[in-house]
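A.B. asks: compute the structure for the input listed below.
(one chain, ligands or ions: 1)
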Amino acid sequence: MGPLNSVCSAHSIAGTFPSGDAADLASPEKRKPQRPRPAAPHPPERPQQLLSLLWTLNKNPLEAWPRHHYEESIVVGETFLGRFAMVNAPDAIRQVLVDDCESYRKDDLQNLLLKPALGNGLLTTSGSEWRIQRRAFAPAFSPRNVASYAPAMWQEARALSDRWMSLDGSIIDVCEQMARTMLDTLSKTLFSRGIGRDPDEFRSAATRYFETQGRIDPLDLIGAPAWIPRVGRLLSRPALKFFPKVVEAILSERRGAARFSKSGADADFVDILFNTRDDESGDHLSDTEIAANIITFIGAGFETPANALSWTFYLLSIDEEWREKVEREVDQLLAEGISFSAVPEEFVVTRALIEEAMRLYPPVAILSRSATRDHDLRGHTIREGTTVIISPWVLHRHRLLWDAPDRFDPAKFMPENRGRIPRYTYIPFGAGPRVCIGGAYAMQQMTATIAMIVRSFRLDLASGHKVMPVHRVTLRPEGGMKMRLTRRR
Ligand code: HEM
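C.D. replies: Residues are numbered from 1 along each chain as shown. Reported below is the predicted structural model:
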């Protein structure tokens, strides 16, 4: 773990990237009115001592990264847990995730948090099992298939907007509302015959899982034996009992259907799971692999875009200028009578807004790997077993890589500026062979949802609601996102 260098000797090398906050002080940019600075914990000046660090990691790991992690390209250290490397240099990130990815595997802590629910699904599996699954599932996310989901995405976004019409002036939890819409969309696209159970039940179970099992347990960090009970794991049991019921409901619905599994153009994701075969052995996926992937794709498919959207609406609420820009774009494009069979590329302001929201609040805040052999990483010796951490949260706010990194300014993602962002400095969907399989699906769905909502509503933070990001497997707003809904038309 990167922030654990309270008890280690850490050293680093500075990068060669242009201006950060310091250079920014002198730039003409600074003389312009300051852009808003959205909610974020202040990094500690110095690494914490062991006990307070264990406490922080359990409470909110975002608060554990010390300031120098945001200022140095690579921080390597030794902790009571072993060696770690926190990597923020784009060329080193490329080496880990792309060029030399065979030298890394997903690390144990990540598996500890995710495997109880996700088993050996695409996100958590590795080696040949991962390769077979990835190759088989890729067609469901081809550009043509993602485009074919657009009508369902618009339809669900419109259904949400229709539900909100009677809620004018009410306080709503945007996280809950977005989660519901993302699950409804999954029920019309990848899981075309529903997700087996009530989406609200699924959302509550998933939230419970993230809040319990998703907390880093100090006992795991100090390597305590597995037989010592972990509070989080005990509390996550009801959720863990619920997920197999979802799988069973989906499978029994298919068993009752005239044709158990379709192939070709009509096949949805569950059909693909049934039809997947290993090219060499001809074996189908096992029942446990099918179950694991049903939960993986529902879980990954709703939680991350729902969080990204909640952050996006929060950011719009704190910046009148960008709110008006997005409203203008949406009003104009929707008035032109767009085709709801596609999400037009012309939503450039909306997309820039979403990208900036995922820079400031990357739904997946940490990608961690374990080195499988000794090697060199940009002048650092990485030994087998070293935990290599790439944190989109830290990377996207890094002082060497971004101007005014903590400020909200979607302009950097507008077409005229986008090309200036160097590769591997912005990786909300990861990179390399294990890049998010659902990235294009998510971008399309988020764009349609924002367009439909912005067309008819404004959302403002409920008075007294304090916003703070917390890292629990995904990056979520602590206590939800309570906002007041006002109709625009
Ligand atoms: C805003 C939305 C999303 C974000 C920010 C996001 C982010 C990510 C990231 C960073 C990874 C790579 C993790 C790593 O390298 O350790 C990943 C992997 C994955 N994502 Fe997403 N994701 C999003 C939406 C989705 C959706 C909609 C789905 C499915 C419908 C999905 C399914 C997956 C799966 C199955 C993997 C594992 C891929 C593999 O290892 O081959 N994600 N996601």
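
A.B. asks: interface residues of the stretch 251-400 of the chain facing the ligand?
C.D. replies: Residues of the stretch 251-400 of the chain found near the ligand (Cβ under 6 Å from any ligand atom) are Thr296, Phe297, Ala300, Gly301, Thr304, Pro305, Ala308, Met358, Pro363, Val364, Leu367. C-beta: built from backbone N, CA, C; applies to glycine.

A.B. asks: wait, which of these is closest to Ile132?
C.D. replies: The closest of these to Ile132 turns out to be Thr296 (Cβ to Cβ; 14.6 Å).

A.B. asks: confirm that that closest one sits in a strand.
C.D. replies: No. With DSSP: H, G, I helix; E, B strand; the rest coil as the criterion, Thr296 is assigned helix and is not in a strand.

A.B. asks: list the contacts of it.
C.D. replies: Leu118, Gly121, Leu122, Leu123, Thr124 (Cβ atoms under 8 Å, 6 or more residues apart in numbering).

A.B. asks: and what of Gly121?
C.D. replies: Gly121 is in contact with Gln133, Glu289, Ala292, Asn293, Ile295, Thr296, Phe297, counting by Cβ under 8 Å, 6+ apart.

A.B. asks: how many neighbours does the closest residue to the ligand within the stretch 301-450 of the chain have?
C.D. replies: Taking Cβ to the nearest ligand atom, the ligand has its nearest neighbour within the stretch 301-450 of the chain at Gly438, 2.4 Å off. The number of residues packed near Gly438 is 19, by other Cβ atoms under 10 Å.

A.B. asks: mind putting the contacts of Thr296 in TSV, pLDDT, secondary structure and distance to the ligand included?
C.D. replies: Below are these laid out as TSV (pLDDT from 0 to 100; DSSP: H, G, I helix; E, B strand; the rest coil; distance: Cβ to the nearest ligand atom, whole Å):
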residue	pLDDT	secondary structure	distance to the ligand
Leu118	86	helix	9
Gly121	93	coil	7
Leu122	95	coil	4
Leu123	94	coil	4
Thr124	93	coil	8
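
A.B. asks: please report the distance of Tyr275 from the ligand.
C.D. replies: One thing to correct before we go on: residue 275 is Asn, not Tyr. Separation of Asn275 from the ligand (Cβ to the nearest ligand atom, to the nearest Å): 18 Å.

A.B. asks: was I right to think that residue contacts Ala267?
C.D. replies: Yes. Contact between Asn275 and Ala267 holds when scored by Cβ atoms under 8 Å: they sit 6.9 Å apart.

A.B. asks: these two: which is more packed in?
C.D. replies: Between Asn275 and Ala267, Ala267 has the larger neighbour count (other Cβ under 10 Å), namely 18 against 15.

A.B. asks: next one: the more buried one from Leu315, what distance?
C.D. replies: The gap separating Ala267 from Leu315 is 38 Å, by Cβ to Cβ, to the nearest Å.

A.B. asks: buried residues, stretch 317-326. List them.
C.D. replies: Ser317, Ile318, Asp319, Trp322, Arg323, Lys325, Val326 (16 or more other Cβ atoms under 10 Å).

A.B. asks: who's the closest spatial neighbour of the fourth one, skipping the chain neighbours?
C.D. replies: For Trp322, the nearest residue in space outside its immediate sequence neighbours is Pro410; the separation is 5.9 Å by Cβ to Cβ, 6 or more residues apart in numbering.

A.B. asks: ditto for the first one
C.D. replies: Sequence neighbours aside, Asp460 is the residue nearest to Ser317 in space, at 5.0 Å (criterion: Cβ to Cβ, 6+ apart).

A.B. asks: in a strand, the one you found, correct?
C.D. replies: Yes. Assigned with three-state DSSP, Asp460 falls within a strand.

A.B. asks: confidence score at it?
C.D. replies: On pLDDT, Asp460 comes in at 98.

A.B. asks: ok, now which ones touch it?
C.D. replies: With Cβ under 8 Å, 6+ apart, Asp460 has these contacts: Ser317, Met483, Arg484, Thr486.

A.B. asks: quickly find the element holding Val75.
C.D. replies: Assigned by DSSP states H and E, Val75 falls within strand 74-79.

A.B. asks: just checking, what packs against that strand?
C.D. replies: strand 11-13, strand 82-87 (3 or more Cβ pairs under 8 Å, 6 or more residues apart in numbering; DSSP states H and E).

A.B. asks: now the last one against strand 74-79, angle please.
C.D. replies: Put simply, strand 82-87 runs at 160 degrees to strand 74-79, going by axes from the mean of the first three to the mean of the last three Cα atoms, to 10 degrees.

A.B. asks: so is strand 82-87 next to the ligand?
C.D. replies: No. Using Cβ under 6 Å from any ligand atom, strand 82-87 never reaches the ligand; the gap is at least 13.1 Å.

A.B. asks: Leu246 contacts Arg203, doesn't it?
C.D. replies: Check again: residue 246 is Val, not Leu. No. At 11.7 Å, Val246 does not count as touching Arg203 under the criterion of Cβ under 8 Å.

A.B. asks: any idea how far the residue nearest to Ser317 is from the ligand?
C.D. replies: Distance of Asp460 to the ligand, computed by Cβ to the nearest ligand atom: 23 Å.

A.B. asks: who's that residue bridged to?
C.D. replies: Note on Asp460: beta-bridge partners Arg484, judged by DSSP bridges.

A.B. asks: which intervals of the stretch 251-400 of the chain have sub-threshold pLDDT?
C.D. replies: For the stretch 251-400 of the chain, the stretches flagged by pLDDT under 70 are 256-265.

A.B. asks: contacts only, for Arg369.
C.D. replies: Val96, Tyr104, Arg105, Lys106, Asp107, Thr387, Val388, Ile390 are the contacts of Arg369 under Cβ under 8 Å, 6+ apart.
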